[in-house]
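**Q** I would like to see how this sequence folds:
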Amino acid sequence: MTDDVSFRPRLRPITLPDRPSVDGLEQVWSQVWADRGTYVFDRAAALSARREQLFVIDTPPPTASGSLHVGHVFSYTHTDALARYQRMAGRTVFYPMGWDDNGLPTERRVQNYYGVRGDASLPYDPGFEPPMRGSEDTSGKAVKAQDQQPVSRANFIELCDELTVLDEEKFEGLWRKLGLSVDWSLTYRTIDDRSRAVSQQAFLRNLVRGEAYQQQAPGLWDVTFQTAVAQAELEARDYPGAYHRVAYHRPTGDGAAYVPVYVETTRPELIPAAVALIAHPDDERYADLFGSAVTSPLFGVQIPVLAHPLAEMDKGAGIAMCCTFGDLTDVQWWRELDLPNRSVITRSGRMQHDIPDWLGDEDSAGAQLWAEQLAGKTTFSARAAMVEALRASGDLDGEPVATQRKANFFEKGDKPLEIVSTRQWYIRNGGKDTELRAALLERGTELDFHPSFMRTRYENWLGGLNGDCLISRQRFFGVPIPVWYALDDAGEPDLDMPLVPAEDTLPVDPSSQAPPGYVEDQRGRPGGFVGDPDVMDTWATSSLSPQIASGWPVGGRPDGELGNDRELFAATYPMDLRPQGQDIIRTWLFATVVRAHHEHGALPWAHAAVSGWILDPDRKKMSKSKGNAQTPEGMLDNHGSDGVRYWAASGRLGVDAAFDEGQMKVGRRLAIKALNASKFALSMGAAPDGTLPEPEPLDVLVTRITEPLDRAMIAGLSQVVATATAAYEAFDHTKALEVTETAFWTFCDDYLELVKERAYGSTVPAGSTTGAAGDGAATGWSAEPASESTRSARAALQVALDVYMRLLAPVLVFATEEVWSWWHTDSVHTQPWPTTEELAPAAGGDPRMLAVVGRALTGLRKAKSEAKVKMRTEISAATVAGPSEDLDLVQQAKADLTAAGKVTGALELHPAQEFRVHDVALVEPPVPVQA
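**A** Below is the predicted model of the structure:
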């Protein structure tokens with residue numbers, strides 16, 4: 001933070017507009033900032049500075065698909081206000097911007113926008129033109145798969161690249177309109193060469209250290225998007241279903257057929273995949289069954305009855321059918337009880353065509369039932385067929401009972417997820433390793449969360465993990481998994497010994513490049529190779545955003561190549577701040593901590609600032625997926641960027657905020673007031689021809705502030721500076737704005753009114769005032785040299801204006817820049833943050849004085865309002881009563897009070913317990929003379 005109280009901005013003659021307006025300021029100043037490079041990162045200064053003189057931000061890369069929404073405006077304004085404060089506080093700010101443009105959201109948008117879908121079996125068509133271009137359904141509905149034209153993987157990726165660039169240009173324009181002070185030369189895309197190389201290098205190092213691995217295991221699968229889904233991407237939703245009371249068969253041993261053991265299930269189609277019946281170990285109803293076996297209805301497969309504490313005694317019949325796999329509990333039982341894997345649902349979401357081996361030979365009743373009624377069916381059709389078969393066999397007790405069940409969905413999907421056994425890539429994250437879990441919990445304690453209670457969400461997420469991070473996806477537009485597999489003489493891949501590239505060759509695409517030691521003609525041939533077809537999920541790349549942005553070197557390539565910058569990385573990593581939403585603590589924040597822990601053995605940043613959600617009128621989170629999100633363009637046009645930023649900055653970190661256009665209107669009024677009050681204050685001392693006095697530096701002006709009321713105002717302003725500074729240092733932009741706004745309105749409503757007569761030089765005749773501060777220019781002027789009290793008032797006004805514009809600058813970025821330009825040649829956003837030291841020479845007054853004298857003025861005005869006369873009406877007598885310490889303050893500013901209140905007679909001060917103004921006598925206006 002700067003401590004140079006003698007810093008002097010570049011002044012120029014005061015020039016005031018005829019009619020100040022907030023309209024159009026965004027376009028004017030955004031262009032000026034771009035032309036001047038106002039927010040360009042000073043790399044040389046950063047490399048030569050001590051680390052504490054830098055402030056480095058890991059800016060969230062928004063998903064570049066579709067449009068931004070109001071939640072983006074909310075959280076990014078929080079970050080920008082802090083970045084602007086840090087810059088003014090004397091720190092070199094590294095503030096990049098990324099675009100998260102790989103992954104499923106982009107693919108989905110491309111499918112709808114161009115009417116295509118990727119097909120890896122098709123060859124590349126260099127002249128391909130999509131059937132649609134920008135003609136997607138305005139309702140946002142997806143183009144049906146059967147209506148999408150299949151295209152090669154390479155063609156599909158080209159379209160993804162094309163559309164994301166268009167979206168990113170639109171996003172950048174909106175961010176500039178909002179006034180984000182990022183350095184637009186420091187941008188990256190999560191699919192560009194650097195991001196792919198960084199992501200692949202980190203993965204390869206994870207692989208060498210044993211932190212990345214692949215295995216065949218049950219995993220969540222989206223049948224619509226045909227891809228694996230990670231635990232962090234789940235969303236639990238209500239889904240209609242029905243309970244079916246089904247009889248399993250317990251042999252009696254006495255010649256009777258069997259004794260039924262009833263279970264209640266919502267998924268009878270999975271009875272062929274049943275591997276056990278499970279009850280709670282304390283459930284006495286089934287104690288005699290534990291360790292025995294039952295047979296499944298219709299199929300006659302013998303399965304054990306086991307005990308496990310996750311079984312719920314009060315749910316259904318209290319005994320559950322464990323199938324491979326109906327839900328995540330089945331997975332846990334399968335793993336912990338060492339049960340067989342009898343999966344029957346395929347990646348397509350349909351029952352497998354082949355008869356499962358465990359159902360017996362093809363002549364068995366169960367095998368015939370499978371072949372005739374279940375093979376290849378959707379789970380819905382298979383369920384209906386199973387219910388009919390159970391009903392016919394007598395194994396269905398009663399009829400299905402409708403219910404609403406909780407099902408896991410991919411957060412962007414429309415159908416419940418299935419659990420399918422596939423071979424996938426994982427990165428260890430503590431979900432199955434208690435030692436790693438403990439280390440990551442410790443990282444959470446090292447990280448400063450703002451607000452602090454957000455740490456609990458990190459800890460709860462980590463504590464609830466039941467597996468490692470699944471990072472492979474069966475998609476097209478993503479960072480390829482950088483491995484190949486050698487094929488044996490039979491053409492089978494050796495999955496346990498992947499072939500990897502050298503780091504200096506990254507990025508690579510195994511689908512179009514051969515591994516070291518092979519040529520392309522050997523692809524897919526016995527003795528040759530095959531590339532891993534999968535890509536990494538978007539979080540596997542976004543979790544490396546600090547490394548991508550800060551120049552982390554890839555391989556041994558020189559600096560300047562592929563974005564390598566060793567000096568910058570050494571200076572900026574670990575970063576200072578991760579700003580983000582609360583809903584991605586479990587994904588982006590946690591994954592970034594995991595990757596930094598593995599690669600660097602440290603946190604990626606010191607602080608995490610977590611914004612709350614924006615709620616709609618029904619108190620529901622606004623989001624594009626829910627269809628209730630507002631887009632920012634209209635808000636910015638209607639209320640101005642400063643008005644929208646004010647609303648956003650009024651929301652505290654970690655606290656959900658209502659979408660409130662009323663607050664935006666308040667912010668717009670504050671911006672307008674800043675313009676009008678500033679014009680009024682700067683116009684003091686204007687000559688009849690409109691010539692304004694030459695401005696002077698603040699350190700000169702403060703020495704001219706001598707009058708008690710002026711020094712009291714400055715003392716109060718010094719307290720505001722101290723409070724706002726402490727708030728920003730504590731990442732509390734809201735408190736900084738609140739204290740500044742409150743004081744600024746008091747300055748406008750009370751101080752300006754109290755001192756304007758003195759600032760004029762007491763040359764304005766009674767009855768010819770300009771009204772409330774900011775409603776008009778000064779009209780009084782004297783050719784005589786200004787008195788010391790007048791010079792004090794004018795100096796105090798300019799000092800206050802200088803300080804308030806800097807205090808408001810992080811939020812009202814356009815209005816404050818406009819005002820500052822009226823008497824400066826440089827930007828308010830590159831000025832030092834105000835300090836109490838620079839105000840100290842004039843801050844010797846009692847800060848209570850302005851509030852007390854302001855209450856007295858309010859009392860005089862109230863009397864006029866109640867009498868329904870104009871504020872310029874003179875007062876012939878009035879009494880101010882109150883505690884002696886308050887009356888002492890009124891006495892010191894009595895001249896200003898009588899001038900502002902138009903008190904032409906006696907103003908009595910009487911001691912009393914309570915402060916009030918009474919016995920106000922108004923001067924009757926003269927009666928017009930009749931002609």
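**Q** can you pull out the strands in the stretch 351-500 of the chain?
**A** Taking DSSP state E, counting those that start in this stretch as the test, the strands found in the stretch 351-500 of the chain are 401-410, 418-427, 448-450, 469-470, 472-473, 484-486.
**Q** if you could redo that for the stretch 1-150 of the chain, that was the one I meant.
**A** Listed in chain order, the strands of the stretch 1-150 of the chain (DSSP E, counting those that start in this stretch) span 54-56, 92-94, 97-99, 116-118, 149-151.
**Q** assign residue 700 to helix, strand or coil.
**A** Assigned by DSSP: H, G, I helix; E, B strand; the rest coil, the conformation of residue 700 is helix.
**Q** could you report the neighbour count for it?
**A** Counted with other Cβ atoms under 10 Å, the neighbours of residue 700 add up to 12. Just so you know, the C-beta spots here come from the backbone N, C-alpha and C atoms, and that holds for glycine as well.
**Q** now it: how far from residue 711?
**A** Using Cβ to Cβ, to the nearest Å, residue 700 is found at 16 Å from residue 711.
**Q** low-confidence regions, the stretch 601-750 of the chain specifically.
**A** 618, 622-630 (pLDDT under 70).
**Q** now the helices for it?
**A** Per DSSP state H, counting those that start in this stretch, the stretch 601-750 of the chain carries helices over the ranges 632-649, 661-682, 698-701, 708-729, 733-746.
**Q** how close does the residue nearest to residue 420 when sequence neighbours are not counted get to residue 408?
**A** Among residues not flanking residue 420 along the chain, residue 221 sits closest, at 4.1 Å (Cβ to Cβ, 6 or more residues apart in numbering). Between residue 221 and residue 408 the computed distance is 11 Å (Cβ to Cβ).
**Q** more neighbours: which of the two?
**A** The residue with more neighbours, out of residue 221 and residue 408, is residue 221; 24 against 20, by other Cβ under 10 Å.
**Q** who touches the more buried one in this structure?
**A** Contact partners of residue 221, counting by Cβ atoms under 8 Å, 6 or more residues apart in numbering, are 227, 228, 229, 347, 417, 418, 419, 420, 422.
**Q** with residue 394 instead?
**A** Applying Cβ under 8 Å, 6+ apart, we find residue 394 in contact with residue 247.
**Q** what does residue 68 give?
**A** Contacts for residue 68 (Cβ under 8 Å, 6+ apart) come out as 62, 171, 174, 631, 632.
**Q** also residue 23?
**A** Contacts of residue 23 by Cβ under 8 Å, 6+ apart are residue 640.
**Q** pLDDT below threshold where in the stretch 251-400 of the chain?
**A** 254-256.
**Q** now with 90, please.
**A** Along the stretch 251-400 of the chain, the model assigns pLDDT under 90 to residues 251-258, 309-310, 314-316, 324-338, 341, 343, 346-349, 360-364.
**Q** do a quick rundown of the helices in it.
**A** Assigned by DSSP H, counting those that start in this stretch, the helices in the stretch 251-400 of the chain fall at 328-336, 365-369, 379-393.
**Q** dump the helices of the stretch 601-750 of the chain into a markdown table; add distance to residue 489 as well.
**A** As requested, those are exported to a markdown table (distance: least, Cβ to Cβ, whole Å):
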| stretch | distance to residue 489 |
| --- | --- |
| helix 632-649 | 60 |
| helix 661-682 | 70 |
| helix 698-701 | 83 |
| helix 708-729 | 68 |
| helix 733-746 | 66 |
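**Q** and residue 833, which of these is closest to it?
**A** Closest approach to residue 833 among the helices of the stretch 601-750 of the chain is made by helix 708-729 (6.8 Å; Cβ to Cβ).
**Q** run the chain-centre distance for that closest one.
**A** Averaging C-alpha positions (Cα atoms, centre = their mean, to the nearest Å) puts helix 708-729 32 Å from its chain's average.
**Q** now swap in stretch 902-918 and tell me
**A** Centroid displacement of stretch 902-918 relative to its chain, using Cα atoms, centre = their mean, is 54 Å.
**Q** what about it, how long is it end to end?
**A** Using Cα to Cα, to the nearest Å, the end-to-end distance of stretch 902-918 comes to 15 Å.
**Q** any buried residues in that stretch, and which?
**A** Neighbour counts using 16 or more other Cβ atoms under 10 Å place 902, 903, 907, 909, 912, 915, 917 of stretch 902-918 among the buried residues.
**Q** let me see the contact set for the closest residue to residue 491 other than its chain neighbours.
**A** With Cβ to Cβ, 6+ apart as the criterion, residue 491 has its nearest non-adjacent residue at 4.4 Å, and that residue is residue 526. With contact taken as Cβ under 8 Å, 6+ apart, residue 526 is in contact with 487, 488, 489, 490, 491.
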